[in-house]
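J.: Starting from these lines, generate the structure:
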Amino acid sequence: MQMAEKKMLSLVKGKHHFCFRYEAGEEKAVLDAMTEMVDRRELGFDWFDAAVLSHQLGEHLAKELKTYLPKKAA
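T.: This next block holds a predicted model:
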């Protein structure tokens, strides 16, 4: 049985380090967690931070999708 690869999103903002670890298929839960963190203003995590991390998430997804594309003929 193969273990799922853990993925990580990371943002350093001043003295804060925001880190999300997740497995493929859990992307919606990560986005939901970011939304909840924005709503908790005492955390200092804003919509710009969420945008930066969601961009990282999109890059991870694009990289993963490329593995499913057929190889180009030489």
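J.: Please confirm that C19 is located within a helix.
T.: No. With DSSP: H, G, I helix; E, B strand; the rest coil as the criterion, C19 is assigned strand and is not in a helix.
J.: can you give me the strands for this protein?
T.: Counting by DSSP state E, the chain has strands at residues 6-13, 16-23.
J.: looking just at contacts, which helices and strands does the last one meet?
T.: Strand 16-23 is packed against strand 6-13, helix 27-39, helix 47-66, with contacts defined by 3 or more CB pairs under 8 Å, 6 or more residues apart in numbering; DSSP states H and E. Just so you know, the C-beta spots here come from the backbone N, C-alpha and C atoms, and that holds for glycine as well.
J.: for the first one, same thing?
T.: If you count contacts as 3+ CB pairs under 8 Å, 6+ apart, strand 6-13 packs onto strand 16-23, helix 47-66.
J.: Between helix 27-39 and the last one, find me the angle.
T.: Here helix 47-66 runs at 170 degrees with respect to helix 27-39, directions being taken by axes from the mean of the first three to the mean of the last three CA atoms, to 10 degrees.
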